[in-house]
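Student: Fold the following.
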Amino acid sequence: MIKLCRLQQIWDEVGKSDNVKDTMLLQFEQECLDVYNRKVDRAAKLRKTLEELESAAKLVALSGFNKALIAAQLIAFTGFLPHKFPYLRMKCAG
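Tutor: Residues are numbered from 1 along each chain as shown. A predicted model of the protein is given here:
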């Protein structure tokens, strides 16, 4: 908000018309909405990926595969810490 006030002050000093100011403010608002929408979309995709990986991890935990190796690969691939896959950690520890 401080930056916006500063920008309006600069516009007043250089004599920008209200029409130009309004147009630029609408552009700023649209750019902010675009950034927000991209972040929401990215978060939704990441959540879906995590849910898919979690389902895969549960299947691995129930299978006879080398759980420690697969858990390490999942964690390395996703960047998630072991606490995100507690059922794998418990199976691997035993």
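Student: Please count neighbours and contacts with C-alpha atoms only from this point.
Tutor: Noted.
Student: tell me which helix or strand of this protein sits lowest on mean pLDDT?
Tutor: helix 86-93 (a mean of 51; mean pLDDT, DSSP states H and E).
Student: Output the contacting helices and strands for the host helix or strand of residue 52.
Tutor: Assigned by DSSP states H and E, residue 52 belongs to helix 18-62. With contacts taken as 3 or more C-alpha pairs under 8 Å, 6 or more residues apart in numbering; DSSP states H and E, helix 18-62 sits against helix 67-78, helix 86-93.
Student: Can you show me the CA trace of stretch 29-48 as CSV?
Tutor: Taking C-alpha atoms only, stretch 29-48 is exported to CSV below (Å, rounded to 0.1, in the frame of the first residue of the first chain):
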residue,chain,number,x,y,z
GLU,A,29,-4.8,-5.0,-10.3
GLN,A,30,-5.0,-7.4,-13.3
GLU,A,31,-1.4,-8.3,-13.0
CYS,A,32,-1.8,-9.0,-9.3
LEU,A,33,-4.9,-11.2,-10.0
ASP,A,34,-2.9,-13.1,-12.6
VAL,A,35,-0.1,-13.8,-10.2
TYR,A,36,-2.5,-14.9,-7.5
ASN,A,37,-4.4,-17.2,-9.9
ARG,A,38,-1.1,-18.8,-11.1
LYS,A,39,-0.1,-19.4,-7.4
VAL,A,40,-3.5,-20.9,-6.7
ASP,A,41,-3.3,-23.1,-9.8
ARG,A,42,0.2,-24.2,-8.8
ALA,A,43,-0.8,-25.0,-5.3
ALA,A,44,-3.7,-27.1,-6.6
LYS,A,45,-1.4,-29.0,-8.9
LEU,A,46,1.1,-29.6,-6.1
ARG,A,47,-1.7,-30.9,-3.8
LYS,A,48,-2.9,-33.3,-6.5
